[in-house]
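Engineer: need a 3D model of the following:
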Amino acid sequence: MFIDHIRVFAKAGDGGHGAVSFRREKYVPRGGPDGGDGGKGGDVILKVSPHTDNLRQFHYDPKMIADSGVNGAGVRKTGRGGKPFIALVPPGTVVYRTTATNVQEAVELERSEEGIDMEPIADLTEEGQEFVLCHGGKGGKGNWHFKTPTNRAPVEHTLGEDGELGVFYLELRRIADVGLVGFPNAGKSTLIGKLSHAHPKVASYPFTTLQPVVGVAEFEGYKRCTIADIPGLIEGAHLNKGLGHEFLRHITRCHMLLFVIDMAGTDGRDPVSDLEILRAEIREYDEELAKFPWLVVANKMDSDVAEENLKNFRKRFAKVEIVPISAELEIGLDDLRRVLFERVAKQATMKAK
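Structural biologist: Take a look at the predicted model:
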């Protein structure tokens, strides 16, 4: 089961209380205050790990609760700090803070007319990157802190602070250089399988791909780029129809988009109409995303009607870069690799500037 967005409850540990204690030893009947401080509560930490690729673990247990600090003790002993809760998340995880303080409140807000407000607080992209989701409470002070020349036996102490808590929303956005955009059965899964070592499921029915698949295409000189094959789009996806946002969120990190168009017109589709709909869906979902560099991969050119369809397609989109291929027969893939290499290298140079 692939989970790429989840709501979780997080609670950092409370700080331990400061102790009230007095030194009482042989020959030291009035040794004065020696109550130690309470330990700090454990933090809730998100850590980016390359060994996980989705948020499935939080589906079964959506709670992140750290240990509380231990209370202080006599002889100025500071209580042990609470053990932090470290949650491993995949690269590309975006973290949102909600206005809810518990899960029930979050559910009620979601069902209300106003909905639940979410504020982005972290974008975790680098391997090993850590983010403190909730800070543990500070430990309280023991009574030895309150000793004064006029108050030699204080009983004052402070309690440990409560750890932070809240309901958070985690959303995974796959990181890739190139995103494949196309209708179901356009041949995206076959294409990424030929360009890389990825092995997505391939079949002749819609929505074969039900989760994002990232493959690595290698070029000469040890150059490479990552390519994301994402569930097929349908008209109305920006309104969350079909797989809707399950697809669209994953291409917001790509440097360029490849629109894979079925030039054979499988299932009676019109290649010209397909591209117009795909571009419109991208634009409706995010205008900035529509400004990303893009080109068209004219797939299934081994079909009898593909050449005629491609001529009409070029007339309609005269200024669009088009790379004709047949992914299944591996025709035109060298040209596509060359174009990808040039485009990705250009984007990397622009990003460096």
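
Engineer: let me see the contact set for Gln129.
Structural biologist: Counting by Cβ atoms under 8 Å, 6 or more residues apart in numbering, Gln129 touches 47-48. The way it works is simple: take the backbone N, C-alpha and C, and place the C-beta from them, glycine included.

Engineer: go with 10 Å
Structural biologist: Going by Cβ atoms under 10 Å, 6 or more residues apart in numbering, Gln129 touches 46-49, 89, 91, 93, 122-123.

Engineer: ok, so of the residues you listed, who is nearest Glu25?
Structural biologist: Set against Glu25, the nearest of the contacts of Gln129 by Cβ to Cβ is Lys47 (45.8 Å).

Engineer: who's in contact with the closest residue to the closest one other than its chain neighbours?
Structural biologist: If the residues on either side of it in the chain are set aside, Lys47 comes closest to Glu130, at 5.0 Å by Cβ to Cβ, 6 or more residues apart in numbering. For Glu130, the contact set (Cβ under 10 Å, 6+ apart) comprises 43, 45-48, 86, 124.

Engineer: give me that answer again for 7 Å
Structural biologist: Contacts of Glu130 were listed using Cβ atoms under 7 Å, 6 or more residues apart in numbering, and they are 45-47.

Engineer: go through those residues and give me the one with the most neighbours.
Structural biologist: Neighbour tally across the contacts of Glu130 (other Cβ atoms under 10 Å): the maximum, 24 neighbours, falls on Leu46.

Engineer: which of the helices or strands spans that residue?
Structural biologist: Assigned by DSSP states H and E, Leu46 belongs to strand 44-48.

Engineer: what ranges does the stretch 51-200 of the chain have for its strands?
Structural biologist: Secondary structure of the stretch 51-200 of the chain by DSSP state E, counting those that start in this stretch: the strands cover 63-65, 85-89, 93-98, 118-124, 130-134, 165-172, 178-181.

Engineer: between strand 44-48 and the third one, find me the angle.
Structural biologist: Going back to what we said before, that points to strand 93-98. Between strand 93-98 and strand 44-48, the angle formed by their directions is 150 degrees, by axes from the mean of the first three to the mean of the last three Cα atoms, to 10 degrees.

Engineer: pull the distance from strand 93-98 to the chain's centre.
Structural biologist: 9 Å (Cα atoms, centre = their mean, to the nearest Å).

Engineer: tell me the helices and strands packed up against that strand.
Structural biologist: strand 118-124, strand 165-172 (3 or more Cβ pairs under 7 Å, 6 or more residues apart in numbering; DSSP states H and E).

Engineer: sorry, back to before: which of the strands of the stretch 51-200 of the chain has the highest mean neighbour count?
Structural biologist: Per-stretch averages of neighbours, counted by mean count of other Cβ atoms under 10 Å, single out strand 178-181 among these, with a mean of 28.

Engineer: mean confidence score for that strand?
Structural biologist: Mean pLDDT, computed over strand 178-181, is 86.

Engineer: just the C-alpha atoms of that strand, please, in CSV.
Structural biologist: Provided in CSV are the C-alpha atoms of strand 178-181 (Å, rounded to 0.1, in the frame of the first residue of the first chain):
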residue,chain,number,x,y,z
VAL,A,178,11.7,15.0,-15.3
GLY,A,179,8.0,14.2,-14.9
LEU,A,180,6.0,12.1,-17.4
VAL,A,181,2.6,13.6,-18.0
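
Engineer: that one pairs with which strands, and in what direction?
Structural biologist: Sheet pairing of strand 178-181 (DSSP bridges) gives strand 224-229 (parallel), strand 256-262 (parallel).

Engineer: rebuild those strands as JSON lines, extending it with mean neighbour count and mean pLDDT.
Structural biologist: Written out in JSON lines, the entries for those read as follows (neighbours: other Cβ atoms under 10 Å; pLDDT from 0 to 100):
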{"stretch": "strand 224-229", "mean neighbour count": "23", "mean pLDDT": "80"}
{"stretch": "strand 256-262", "mean neighbour count": "24", "mean pLDDT": "91"}
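
Engineer: great, nothing more from me.
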